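K.L.:
mind folding the following:
(2 chains)
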Amino acid sequence: MTAKPLGVRVRKGATTFSFLAPALIGIAVFFLYPLGSAVYFSFTKFDLLSVPEWVGLDNYRRMADDPFLLQSIRNTLWMVVVFVPVRIIGAIGLSMLLTQLKRGAGFFRTVFYLPALVPPVAATIAFVYLLKPGTGPVNHFLEMIGIEGPLWFNSPAWAKPSLVLLGLWAIGDLMVIFLAAVLGVPASLYEAAELDGANAWQRFRSITLPTIQPVVLFAAVTGVIYTLQYFDQAAVAGSIASGQATVGGGISSNFGFPEGSTFTYPLWLYTVGFRYSALGYANALAIGLFVVALGVTLILLRRAKAFTGEES
Amino acid sequence: MNKRFPRALFALITTAALATACTPAPKENKIADPGTEVAGTVELWHFFTEREAAAIDQVVKDFEAEHPKIKVTIKSGQDDSKVTQAIGAGNGPDVGLSYSTDIVGKFCSSGAWVDLKQYVDRDKVDLNQLNATTRSYTEFQGKRCAMPFLADAYGMFYNKDLFAKAGLSAPPKTLDELTAYAKKLTVKNADGSLKTVGFLPLYDFYENAASHLAPAVGAKWLTDDGKSAVGADPAWKTLMTWQKQLVDWYGYENLTKFRASLGDEYSADNAFQKGQVAINIDAEYRLAFVKDQTPNLKYGVAPIPASDPAHYGGGYVTGNIVGISKNAKNPEAAWELIKYLTTNDKAVIKLAGLLKNIPTTTAAIADPGLNADADFKTFIDIFNNPNSSTTPPSASGPAYQETFGQFLNSYQAGKVKDLDAGLADADKQINSVMTLGG
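P.N.:
Just a heads-up that it's a prediction; the model follows:
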């Protein structure tokens, strides 16, 4: 076989590159450059206003002795361990129920999906007022049936579960994906299992779950990444529940209310960067978050290997 | 592992470093000779919106009428983050107006706002027309990079109807009296829950921040060398012990439950305005809220009770600040505008009347029109009182206050068993977090 002339190869390479160029430029500009910048700034003292000053590993050393970082890690881990599984289980359960409906399935799919369209800030404000002890309708209803409602967002013990409840309400985005996956399970498998005498739980465990496993993995990976970056709802809930939502602009000093229970890792990162003007340390925190998110994702992918089509 | 990876990473970091280390260095500002005519356009960014923004527009129009060769472009609704990012990117306004004295340390030390001393000296502006507190929160380590744009003074609001029901007439003057009044004014429901609270002492409730209560005991935040003073200054312990005793009298859980049912501070459901709380800490701007939202409320205002009668009469003072960006395209016109907004008595009086904030110049403070309202005068008196104080500027902004605030929240919740050890630990945490700012 004879090699193609150099000009042809160069032309072919240039053609290939020209097709790839938009994606490569996008990756370079919107991923590699910001990532490289973040890595660089994490080794500096930088306040956005003066020239960055190289401080070596100081920002990373500081992490070991940062009590607020520890508190924020605890809260974020709690959210990852509880929030992600609850949302996945809730979405699977809801999609299973919707597939059983003989009539009105379209209507209920729409109803359950709608909350996912509500902006997170608006949804959180509404939730805080709905669950407000004393004046909110939820506790009023609970009182009518003889139950003393908790303090929800005003209780250190209930604030995070209240955020999980909010996440469960807005489960529509995940539900739609699981609904498509559940509907894609071949009906013949269920028919064969029924003939073999399998009950509903056995059919779910042996047919549905293995078939939708790639979607579960996808939900787990994206859920973990989303929860590690959990910011909007925690920030708004804390500020509104404290009764001190700021006026005239500004960053709330009530992140984490009550008693630091909703103080997540991204809230600390944001506070350090934009309230205390320590962008160098904030970038070190961001790199830490990136490494953890990457690590968790790799572990999940290695364990399941469902994306590659291999057995787990 | 791929041996080329570290080299690739190094190349990436070096490229990023070269590309990103382009933050412009401060320009050397050479100012014009005295008497030079100032002209051109000046851009003013401020955070006000709606009614308050309209007030700024009015006063800026007056400025333009007096300085026909200067045109002011105004951008409203610009918070500190936007100003910081714009200046960092080499842009930003000529004049920035901020709501927080917390940025003074960073803006002065980084040179984001230029030193105004040269302008002050050239134009022979008498800074003694500003009181010591406002002078202190507009400079950092001897560098005057800001001027005060009106001020807030914190005092005590009390509900006269609830006082009359409890057989009380005059406001409390000491912390012990405040405790006694709070107990007398508190009303419980049949099930033992709180119906009306005399004084809600939780630190994170509305304006009960440590910074606002510190002048009541004369507490110091920082030592002269800029380290945390909360562990060494016994005044903090006095405040904390007093507050904890009152919290324990109510029961922390009861207070938390009661507080959870209260409305938002800046809404018409404000607990003081609704008569759910009889005594409340707040600033002079509350007068406008009450007038607008609950005009029939019968209330009085007074200084915050003090631990020692010698401290009585003062309060926490803070305010808006204004400065010239290091990237200002027309710094002379910017200074002319700042000088007008902060030292022209006519302008300061007009602004104070429109925005319902405390004026900062000696002549404006004495203005009969502003002092005609007895309640507003109470806050002017607090502002003028030598016992009044503010929070010292820091290069890490409010980090030291918020770190201590977290400790106070833990303490009031009963999670700190040994106060002395806790304060020593708070000192360490504050000193650590303050190094973030340099």
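K.L.:
now for whatever helix or strand A:Leu289 lives in, which elements pack on it?
P.N.:
Assessed by DSSP states H and E, A:Leu289 sits inside helix A:279-304. Where contact means 3 or more CB pairs under 8 Å, 6 or more residues apart in numbering or on different chains; DSSP states H and E, helix A:279-304 is packed against helix A:33-41, strand A:44-45, helix A:58-63, helix A:213-228, helix A:265-270. Every residue, glycine included, has its C-beta placed from N, CA and C.
K.L.:
adding mean neighbour count as columns, could you present these in CSV?
P.N.:
Below are the helices and strands packed on helix A:279-304 laid out as CSV (neighbours: other CB atoms under 10 Å in any protein chain shown):
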stretch, mean neighbour count
helix A:33-41, 19
strand A:44-45, 22
helix A:58-63, 17
helix A:213-228, 19
helix A:265-270, 22
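K.L.:
now these in CSV, with distance to chain B and mean pLDDT?
P.N.:
Shown next, in CSV, are the helices and strands packed on helix A:279-304 (distance: least, CB to the nearest CB, whole Å; pLDDT from 0 to 100):
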stretch, distance to chain B, mean pLDDT
helix A:33-41, 3, 96
strand A:44-45, 7, 95
helix A:58-63, 8, 95
helix A:213-228, 22, 94
helix A:265-270, 10, 96
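K.L.:
coming back round to it: report the angle between the helix holding A:Leu289 and helix A:213-228.
P.N.:
160 degrees (axes from the mean of the first three to the mean of the last three CA atoms, to 10 degrees).
K.L.:
just how off-centre is helix A:279-304 within its chain?
P.N.:
13 Å (CA atoms, centre = their mean, to the nearest Å).
K.L.:
quick check: buried residues in it?
P.N.:
Buried residues in helix A:279-304, counting neighbours by 16 or more other CB atoms under 10 Å in any protein chain shown, are found at A:279-289, A:292-293, A:296, A:300, A:304.
K.L.:
how about the residue of chain B found nearest chain A, what does it touch?
P.N.:
Here chain B gets closest to chain A at one residue, B:Ser261, 2.6 Å apart by CB to the nearest CB. Contacts for B:Ser261 (CB atoms under 8 Å, 6 or more residues apart in numbering or on different chains) come out as A:132-135.
K.L.:
so for it, what's the pLDDT?
P.N.:
pLDDT, B:Ser261: 92.
K.L.:
all strands for the stretch 201-350 of chain B, in order.
P.N.:
Shown for the stretch 201-350 of chain B, the strands assigned by DSSP state E, counting those that start in this stretch span residues B:277-283, B:299-302, B:317-324.
K.L.:
which secondary structure elements does the last one contact?
P.N.:
This means strand B:317-324. strand B:95-98, helix B:132-136, strand B:147-159, helix B:331-343.
K.L.:
what's the most buried one of these?
P.N.:
Stretch with highest mean neighbour count among the helices and strands packed on strand B:317-324: strand B:95-98 (a mean of 27; mean count of other CB atoms under 10 Å in any protein chain shown).
K.L.:
mind giving me the packing neighbours of that one?
P.N.:
Counting by 3+ CB pairs under 8 Å, 6+ apart, strand B:95-98 packs on strand B:40-45, helix B:80-88, strand B:317-324, helix B:331-343.
K.L.:
can you list the domains in the chain?
P.N.:
Unless you meant another one, I'm taking chain A. Listed by automatic domain parsing, the domain ranges of chain A are A:6-41, A:59-304.
K.L.:
think we crossed wires, I meant chain B
P.N.:
Split by automatic domain parsing, chain B gives B:33-152+B:317-384, B:154-314+B:395-437.
K.L.:
so is whatever helix or strand A:Phe17 lives in next to chain B?
P.N.:
According to DSSP H and E, A:Phe17 maps onto helix A:6-27. No - with CB under 8 Å from any CB of the partner chain as the criterion, chain B is not reached by helix A:6-27; the gap is at least 12.6 Å.
K.L.:
contacts for stretch A:227-238, please.
P.N.:
By CB under 8 Å, 6+ apart, stretch A:227-238 touches A:76, A:79-80, A:83-84, A:120-121, A:123-125, A:127-128, A:153, A:159, A:162-163, A:166-167, A:252, A:254-258, A:262-267, A:270, A:289, A:292-293, A:296.
K.L.:
what are the buried residues along it?
P.N.:
Applying 16+ other CB under 10 Å to stretch A:227-238 flags A:227-228, A:230, A:233-238 as buried.
K.L.:
just stretch B:259-279 next, same as before
P.N.:
Buried, per 16+ other CB under 10 Å, within stretch B:259-279: B:259-266, B:270-274, B:276-279.
K.L.:
tell me the contacts of the nearest residue to B:Thr390 once chain neighbours are set aside?
P.N.:
Counting by CB to CB, 6 or more residues apart in numbering or on different chains, B:Thr390 lies nearest to B:Tyr137, which is 4.7 Å off, once chain neighbours are set aside. By CB under 8 Å, 6+ apart, the contact set of B:Tyr137 is B:101, B:104, B:148, B:317-319, B:321, B:390-393.
K.L.:
quick one, phi psi at B:Tyr137?
P.N.:
Torsion angles at B:Tyr137 (phi, psi; degrees, to the nearest 10) stand at phi -90, psi 0.
K.L.:
what residues does the stretch 51-200 of chain B put near chain A?
P.N.:
Residues of the stretch 51-200 of chain B lying near chain A (CB under 8 Å from any CB): B:52, B:77-81, B:84-85, B:87-88, B:99-100, B:106-107, B:110-112.
K.L.:
could you turn the buried ones of the residues you listed into a ChimeraX selection?
P.N.:
With 16+ other CB under 10 Å as the criterion, this ChimeraX line picks the buried residues out of those:
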select /B:52,78,79,80,84,87,88,99,100,106,107,110,111,112
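K.L.:
no more questions from me, cheers.
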